[in-house]
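Asker: coords please:
(chains A and B)
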Amino acid sequence: MNLLPFDSLIAILVVPLFAAVGLAALPGYKSTARLNVLACFLSLVFAVSMTLDRPATGVLLFVDDLSIVFVILNTLVGFTTSIFSASYIAHELDTGKLNSTYVRFYHATYQVMMFAMNLALVSNNVGLMWVAVEMATLTTVLMVGIYRTPEALEAAWKYFILGSVGIALALFGTILFYVAAVPVVGQGLDAMTWTILIERVSAADPALINIAFVFLLLGYGTKVGLVPVHAWLPDAHAEGPTPISAVLSGLLLNVALYAILRFKLLMVANGEAIAPGPMMIAMGLTSLIFAAFMLYPRRDIKRLFAYSSIEHMGIITFAFGLGGPLANFAGLLHMTMHSLTKSAIFFAVGQIAQVKKTQNIDDIRGLTVSHPVLGWGLVLGVVADGRVHERVPGGDFDICKQSLAGPAAGLRIVTCTGRPAGQNGQYGLWQTGGWTGSGGSIVFPDDPAPGTGADGRALYPATDRGVVSTCRDDAGLNGGATDD
Amino acid sequence: MIAETFSYDVAHMLAGGMLLVSFMLLYQDRMYGLLNTFALHAFVLSLSVAWEAYVNQSPHLYITAAIALVLKAIVIPTALHRIVQRLGIHRTVETTVGIGATMLVGIGLVALSMALMLPVTDAVDPLARQDLAFSLSILLLGLLMMVTRRNAVGQVVGLMSIENGLILAAAGANGMPLVVEISVAFSVLIAFMVIGIFLFRIRERFDTVDVHVLDSFRGERK
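Answerer: All right, here's what the predicted structure looks like:
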């Protein structure tokens, strides 16, 4: 049932590319901002249409159940961010932080970045996937450095150097994987095609793909922001334009994680190779604990949420490392929630930073009094962000995460919203109580019992509520955006 | 049979030559010397890739060799020369660790990569096998170089020597599709543009390309 004259798989790649060319050529701010939103919306429509009409698997491109989740999430957050970015960039133009040439450059780069991320998510060829991740890295480097302040330059330089080294390690891993696959699959494109590899990888030499996976995990792990290769992440989030912080946090980290997942599946399919799970669990837990400690002394509000992203990515990597249907579902769910809430939080933070003219937490006070919609929007966002921890069902996994991430999330609430006014101080403490408790909460009382069994159906109510609560937050924030 | 041994020996010599030039990069303490040595690194890479192309009868590798020769051995070093000249930073390259210690660590890293790669690649074609081992060594030496240099140009040269090592591995992996090779070369081009912009911006802001100056601007230390 093909309703369109062309493939929606091609469309999600072609639309951003054409938009990038158009945006680079067209002058004027308002029309280009609208074109940017329109292009993102079109990509979203095409991405959603893939659920109805699954495109055929090609040598270079393909879509399966895993990638479709990532693609829709990617285009959705890309779309919401483009709406936020329109008002954000207008403000930056007014205050003279950016001039019109840079805005044109910004919009074109935004679309190239969307293209690169979509390409990485739908590529069937591991080499092509690498190229796409590299392209996404380079475009985001340019975006992070766009303000040209010393801090922004330092952040972009650090991101560029660490990102390039990570990408180099990932390429070496990809080459090793190809070398391991050649004796089994034969030379040429086939030995890099994921759908062919997954069928035949069981005969490949396990020793070689073990080494390959270590390089891939470290290389793409740099982009995910896993400790100890996370150093670029807080700087890049704090110093770039806020829409880019939202996209970095909500999307680019996911894309890199997706690359790791694809190789993890290959490792598992091999059978004789070392289990990739424990390595991912170790890196995920390290990131989680590290971020929990690093969250406390932060003074910059965007840096605070950057460390929160490291924490969330740690949890997600941990979940995928555990493996099995339940943990994988938990990982996907957590990832979706994190992308939605974290981008929403960055939208709020971007507005707050513009209103208060500072990113320093100490100087941001009394938001719920001075800007009620914005303040409560942030509270809702942070609550949802912390609630993500509890949303995820699954036995001891759940308990482990609550015990580790609960205090961290509580801390965040205290640092972000607890300080402003007297009543908010109470609110902060009240929330902390809700967090460290048994999973029951005051904001959303109907919590699924922890340790829900392997029965998939029992898990669905949790998803629905998760989506509903996130939508509620988004609505609150959008209200804030229009009110201001 | 003799021809086969000969072709293997030549490939081995060229890849080994690259490793040797990587060591030479480690101890350069002059900016121009560093850039010239990098040009030599890229030149040996292009010879090595061209030899692979000839031996394996894979003509597409000649393109990779040509890109390495033109872009990395000629265009980029020349451009960096000009930048260095314009910025007036040709005197010395500051290193954070002494040269002797760096060389010893480098030797250790090469031994490590041989010990890691050779046992697991028994089943692989011998040419590809030695290329993988050499390229891992070059990669690790490039990382070492990036760690020991304080200067932005030095770090960039280290990064590009890593990419040279990767191209050697990609060329050695038999029949690896062209997609990746061109993209690697292409990405280097983009990367270079980015670097160029950055160098000028850094110059514009700080009047230096010593990346340590940047550290004082780290957001948390204000």
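Asker: buried residues, stretch A:87-100. List them.
Answerer: A:87-89, A:92, A:97-98 (16 or more other Cβ atoms under 10 Å in any protein chain shown). Every C-beta, even on glycine, is put in place using the N, C-alpha and C of the backbone.
Asker: hmm, residue A:384 is touching residue A:341, no?
Answerer: Yes: using Cβ atoms under 8 Å, residue A:384 makes contact with residue A:341 at a distance of 4.5 Å.
Asker: three-state assignment of whichever residue of chain B sits closest to chain A?
Answerer: At 3.1 Å from chain A, residue B:175 is the closest residue in chain B, using Cβ to the nearest Cβ. What DSSP: H, G, I helix; E, B strand; the rest coil gives for residue B:175 is coil.
Asker: next, it: phi, psi?
Answerer: Torsion angles at residue B:175 (phi, psi; degrees, to the nearest 10) stand at phi 70, psi 20.
Asker: quick check: which element contains the spatially most central residue of chain B?
Answerer: Nearest to the geometric centre of chain B sits residue B:161, at 1.0 Å (Cα atoms, centre = their mean). Using DSSP states H and E, residue B:161 maps to helix B:152-172.
Asker: wait, does that helix contact chain A?
Answerer: Yes: against chain A, helix B:152-172 shows contacts by Cβ under 8 Å from any Cβ of the partner chain at B:152, B:155, B:159, B:162-163, B:166, B:169-170.
Asker: now that helix: mean pLDDT?
Answerer: Predicted confidence along helix B:152-172 averages 85 (mean pLDDT).
Asker: residues contacting residue A:71?
Answerer: Contacts here follow Cβ atoms under 8 Å, 6 or more residues apart in numbering or on different chains; on that basis residue A:71 touches A:12, A:47, A:50, A:63, A:118, A:121-122.
Asker: from the stretch 151-300 of chain A, which residue is nearest to chain B?
Answerer: For the stretch 151-300 of chain A, Cβ to the nearest Cβ, closest residue to chain B: residue A:187, 3.1 Å.
Asker: mind checking pLDDT for the closest residue to that residue other than its chain neighbours?
Answerer: Nearest residue to residue A:187, sequence neighbours excluded (Cβ to Cβ, 6 or more residues apart in numbering or on different chains): residue B:175, at 3.1 Å. For residue B:175, the pLDDT comes out at 71.
Asker: roughly how far apart are residue B:175 and residue B:156?
Answerer: 32 Å (Cβ to Cβ, to the nearest Å).
Asker: among these two, which residue is more densely surrounded?
Answerer: Using other Cβ atoms under 10 Å in any protein chain shown, the more surrounded residue of residue B:175 and residue B:156 is residue B:156, with 26 against 15.
Asker: verify the stated contact: the residue nearest to the centre of chain B with residue B:145.
Answerer: Yes: using Cβ under 8 Å, residue B:161 is in contact with residue B:145, at 6.7 Å.
Asker: so what sits against both of these two?
Answerer: Contacts common to residue B:161 and residue B:145, judged by Cβ under 8 Å, 6+ apart, are B:22, B:25.
Asker: put the alpha carbons of stretch A:317-333 into PDB.
Answerer: Only the C-alpha atoms of stretch A:317-333 are listed here, as PDB (Å, rounded to 0.1, in the frame of the first residue of the first chain):
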ATOM      1  CA  THR A 317      23.200   1.900  28.600                       C
ATOM      2  CA  PHE A 318      22.900  -0.100  31.800                       C
ATOM      3  CA  ALA A 319      19.400  -1.200  30.800                       C
ATOM      4  CA  PHE A 320      20.400  -2.300  27.300                       C
ATOM      5  CA  GLY A 321      23.500  -4.000  28.800                       C
ATOM      6  CA  LEU A 322      21.200  -6.200  30.900                       C
ATOM      7  CA  GLY A 323      19.400  -7.300  27.800                       C
ATOM      8  CA  GLY A 324      16.300  -9.400  27.500                       C
ATOM      9  CA  PRO A 325      12.900  -8.200  26.500                       C
ATOM     10  CA  LEU A 326      12.100  -6.500  29.700                       C
ATOM     11  CA  ALA A 327      15.300  -4.500  30.200                       C
ATOM     12  CA  ASN A 328      15.400  -3.600  26.500                       C
ATOM     13  CA  PHE A 329      11.900  -2.300  26.700                       C
ATOM     14  CA  ALA A 330      12.800  -0.400  29.800                       C
ATOM     15  CA  GLY A 331      15.800   1.100  28.000                       C
ATOM     16  CA  LEU A 332      13.800   2.200  25.000                       C
ATOM     17  CA  LEU A 333      11.100   3.600  27.300                       C
END
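Asker: before we move on, back to that, in JSON lines: the residues of helix B:152-172 next to chain A, plus neighbour count.
Answerer: What follows is the residues of helix B:152-172 next to chain A, written out as JSON lines (neighbours: other Cβ atoms under 10 Å in any protein chain shown):
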{"residue": "B:152", "neighbour count": "24"}
{"residue": "B:155", "neighbour count": "23"}
{"residue": "B:159", "neighbour count": "22"}
{"residue": "B:162", "neighbour count": "25"}
{"residue": "B:163", "neighbour count": "25"}
{"residue": "B:166", "neighbour count": "23"}
{"residue": "B:169", "neighbour count": "26"}
{"residue": "B:170", "neighbour count": "25"}
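Asker: quick one, what contacts the residue of chain B closest to chain A?
Answerer: A:182, A:187-188, A:191, B:56, B:58.
Asker: the bottom helix or strand of chain A by mean pLDDT?
Answerer: Least confident element among the helices and strands of chain A, by mean pLDDT, DSSP states H and E: helix A:422-436 (a mean of 30).
Asker: surely residue B:72 is in contact with residue B:159?
Answerer: No: in terms of Cβ under 8 Å, residue B:72 does not count as a neighbour of residue B:159; the distance is 12.0 Å.
Asker: helices of chain B, start to end?
Answerer: B:2-26, B:31-55, B:60-67, B:76-87, B:99-120, B:126-148, B:152-172, B:178-206, B:212-215 (DSSP state H).
Asker: tell me the residues of the stretch 1-150 of chain A that contact chain B?
Answerer: A:125, A:127-128, A:130-131, A:134-135, A:138, A:141-142, A:145, A:148, A:150.
Asker: now, which of these lie within strands?
Answerer: Using DSSP state E, no member of those falls in strands.
Asker: and those, which of them are buried?
Answerer: A:125, A:127-128, A:130-131, A:134-135, A:138, A:141-142, A:145, A:150.
Asker: what is the nearest of those to residue A:258?
Answerer: residue A:130 (12.4 Å; Cβ to Cβ).
Asker: that closest one against residue A:174, yeah?
Answerer: Yes: contact criterion Cβ under 8 Å: residue A:130 and residue A:174 qualify, at 5.3 Å.
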